[in-house]
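Q: 3D, please:
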Amino acid sequence: MNIFLTGATGFIGKNFLSLALKKKHFIYAVARKKQILQHKNLKWLIGSLDKNWSNELKESNVLVHLASDGVVNKKISYHKAKEFNVTKSISLFKNAVKNNCKNWIVAGSMSEYGANCRKIKKLSIRTNPKPETNYEKTKYIFSKKIILLSKKTQSKCRIMRIFHVFGDGEYKKRLYPSLINAAKKNKDFVIKNGNEVRDFVDVKFVSKVLLDSCNFKKRKFNSYQIWHIASGKAMNIKTFAKKVWKKYKSKARLKFNKQNIKTINNFVSDKKSIWRV
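A: Residues are numbered from 1 along each chain as shown. Have a look, this model is predicted:
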């Protein structure tokens, strides 16, 4: 299978790329800068999303869109988030339609559900999104636009909403790598939102699901589908942190600040909405 991939240099993208190459797929990977990694089944495309990639899209069986802006930069402006997450991304998909690349996998986010994460214990694909941050709003706008585009152009689009992913290669300032770093150095670590409930999924599992979803003969459909990449298991941050601490046998202390019960979020998927490999 030939895969046109965006976001190949990101946390999930690197893991997905590695897995896809191991499975002997050919990858056209978009990147802003020249990359060191070389492989006989990998062709780097240096440039922006909205560059004319007609030749490569013509040769691709599926477009896997993992790129987004605002995951790490929580203070991103609405204009900047919309430019990348909506305008440039939609331009890429319109280019794909022109070149008959009409099978699409889109990495969505559970954060699109926004305010409903504080109201609903188990999130479903039928849960109404109520995005709050600029990242959440632009991801949801893109989801709506890509669904309309798939209907209009007789394309097939799977939106795979990813829950709290962790694992090797994660941005060093996020929870999991920060915990490991502190544990290895035997430094005390303070957690502010220990009671927050999440649906933790390892990045290797996420990559496996994304690649499996590229099989459009599986769970056939006409226009679009929305699925969750999640475990369906609720675990609060305190429990997750203790597991990491125990694994690395740290002699330091984990400290948990008190949290206002009214602010607790529940980011957990119901089991019926989860894509099963």
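Q: Which stretches in the chain count as helices?
A: Ranges of helices within the chain are 11-22, 54-58, 78-82, 89-98, 134-153, 175-184, 203-213, 237-247, based on DSSP state H.
Q: Of those helices, give the one that comes closest to Trp275.
A: helix 203-213 (5.4 Å; C-beta to C-beta). Every residue, glycine included, has its C-beta placed from N, CA and C.
Q: helices or strands up against that closest one?
A: helix 11-22, strand 103-109, strand 156-162, strand 164-166, strand 224-229 (3 or more C-beta pairs under 8 Å, 6 or more residues apart in numbering; DSSP states H and E).
Q: run the last query once more with 10 Å
A: Judged by 3 or more C-beta pairs under 10 Å, 6 or more residues apart in numbering; DSSP states H and E, helix 203-213 is in contact with helix 11-22, strand 62-65, strand 103-109, strand 156-162, strand 164-166, strand 224-229.
Q: what would the ones you listed look like in CSV with mean neighbour count?
A: As requested, those are exported to CSV (neighbours: other C-beta atoms under 10 Å):
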stretch, mean neighbour count
helix 11-22, 20
strand 62-65, 26
strand 103-109, 23
strand 156-162, 23
strand 164-166, 21
strand 224-229, 22
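Q: Now render these as a markdown table, adding distance to Tyr78 and mean pLDDT.
A: Output for the helices and strands packed on helix 203-213, formatted as a markdown table (distance: least, C-beta to C-beta, whole Å; pLDDT from 0 to 100):
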| stretch | distance to Tyr78 | mean pLDDT |
| --- | --- | --- |
| helix 11-22 | 23 | 97 |
| strand 62-65 | 21 | 98 |
| strand 103-109 | 16 | 97 |
| strand 156-162 | 21 | 98 |
| strand 164-166 | 24 | 96 |
| strand 224-229 | 24 | 97 |
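Q: Next, format the ones you listed as JSON lines and append distance to Phe256.
A: JSON lines is the format used below for those (distance: least, C-beta to C-beta, whole Å):
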{"stretch": "helix 11-22", "distance to Phe256": "26"}
{"stretch": "strand 62-65", "distance to Phe256": "37"}
{"stretch": "strand 103-109", "distance to Phe256": "26"}
{"stretch": "strand 156-162", "distance to Phe256": "26"}
{"stretch": "strand 164-166", "distance to Phe256": "18"}
{"stretch": "strand 224-229", "distance to Phe256": "28"}
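Q: I'd like to know which of these is closest to Leu5.
A: The nearest among the helices and strands packed on helix 203-213, by C-beta to C-beta, is strand 62-65 at 5.0 Å.
Q: Kindly point out the strands partnered with that closest one and how each is oriented relative to it.
A: Note on strand 62-65: by DSSP bridges, its sheet partners are strand 2-6 (parallel), strand 103-109 (parallel).
Q: pLDDT on the shortest one, on average?
A: This points to strand 2-6. For strand 2-6, the mean pLDDT works out to 98.
Q: just how off-centre is that strand within its chain?
A: 15 Å (C-alpha atoms, centre = their mean, to the nearest Å).
Q: Ala182 is in contact with Lys172, isn't it?
A: No - look at Ala182 against Lys172 with C-beta atoms under 10 Å: they stay out of range, at 11.7 Å.
Q: the more surrounded of those two?
A: Shown here are Ala182 and Lys172; by other C-beta atoms under 10 Å, Ala182 has more neighbours (20 against 10).
Q: where's stretch 130-138 relative to the chain centroid, distance-wise?
A: Here stretch 130-138 is found 15 Å from its chain centre; the criterion is C-alpha atoms, centre = their mean.
Q: That one spans what distance, first to last residue?
A: End-to-end distance for stretch 130-138, by C-alpha to C-alpha, to the nearest Å: 12 Å.
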